[in-house]
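1. Sequence and computational prediction follow.
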Amino acid sequence: MSPRRRRRKSDEELLVALGGLVIVGLVLVKVAQWLLAHWWVLVMLSLLALLAVAGWIYQQVDRMRSAQLRVEGLTYSLGQLDAMHHSAFEVAVRDLLARDGSHDALRCGGRGDLGADVKGHDPLGRLWVLQCKHRSKGLGGPAVGTPELQTLNGTGRPVHGGDVVVMVTNGRISGPAHDFARQQRLHLVDRRVLEQWARDGRPLWEILPALPPPQRPPQLR
């Protein structure tokens, strides 16, 4: 394309752009004139917008209040836990951790969870990494064995950075798995400990022995 044609095309594009700006400007002027003549419409729209924002804020506050009420004083019986789907069991463990005072308790179970179903910090700053094994038959289901603990041990600290790595089940844990847990400083919540945690309302960090030291000093009350 010759320089003259390029210049002509550029001039045409500029004129089109200017024409578009003029049209937009005229439309905006007309809209402003109409709004000035019908100012009450602008007032109504502003009120509707404020009501929508206020409604959204109320919903968020109500959702947070409901979540707080859900975990305050939360308890479960073993029968309730046994009847749950495995994903609901993970949510229950997350809520129990939140009830105990973990402000950031999170359920992260599912595909690609890398051995962590629930994570959260306790009031002393330690990161808890929990793997959940739900048994629909409770004690009648298969025991959690060493292979499951080996998976948890391979990711709980190296991948997730956990200070306290825990296996939680509503069933039983095999003898070799108990031995492996002691060797690798893993913590176990079997059916007996789970009942104590879920029913009696005691924080898990007050129930389990031999926990690592806190990441920060206790807050003075």
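-> Perfect, I can see it now.
2. Please identify which helix or strand holds Leu188.
-> According to DSSP states H and E, Leu188 maps onto strand 187-189.
3. Now the element after that strand, going C-ward?
-> Assignment by DSSP H and E places the next element after strand 187-189 at helix 191-200.
4. Buried residues in that next one, which are they?
-> Arg191, Val193, Leu194, Glu195, Trp197, Ala198 (16 or more other C-beta atoms under 10 Å). Using the backbone N, CA and C atoms, a C-beta is placed for each residue, glycine as well.
5. one step back: could you give the separation of the strand holding Leu188 from the chain centroid?
-> Distance of strand 187-189 from the chain centroid (C-alpha atoms, centre = their mean, to the nearest Å) equals 22 Å.
6. Please name every helix or strand in contact with it.
-> strand 164-169, helix 175-184 (3 or more C-beta pairs under 8 Å, 6 or more residues apart in numbering; DSSP states H and E).
7. what pLDDT, on average, does the last one get?
-> The average pLDDT within helix 175-184 is 97.
8. Kindly export that helix (C-alpha atoms) in CSV.
-> What follows is helix 175-184 as a C-alpha-only set of coordinates in CSV (Å, rounded to 0.1, in the frame of the first residue of the first chain):
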residue,chain,number,x,y,z
GLY,A,175,-1.7,-52.5,65.6
PRO,A,176,1.1,-52.1,63.0
ALA,A,177,-0.4,-48.7,62.1
HIS,A,178,-0.1,-47.7,65.8
ASP,A,179,3.5,-48.7,65.8
PHE,A,180,4.2,-46.8,62.6
ALA,A,181,2.5,-43.7,64.0
ARG,A,182,4.6,-43.7,67.1
GLN,A,183,7.8,-44.0,65.0
GLN,A,184,6.8,-41.1,62.6
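9. Ser136 belongs to a helix, doesn't it?
-> No: secondary structure of Ser136 (DSSP: H, G, I helix; E, B strand; the rest coil): coil, not part of a helix.
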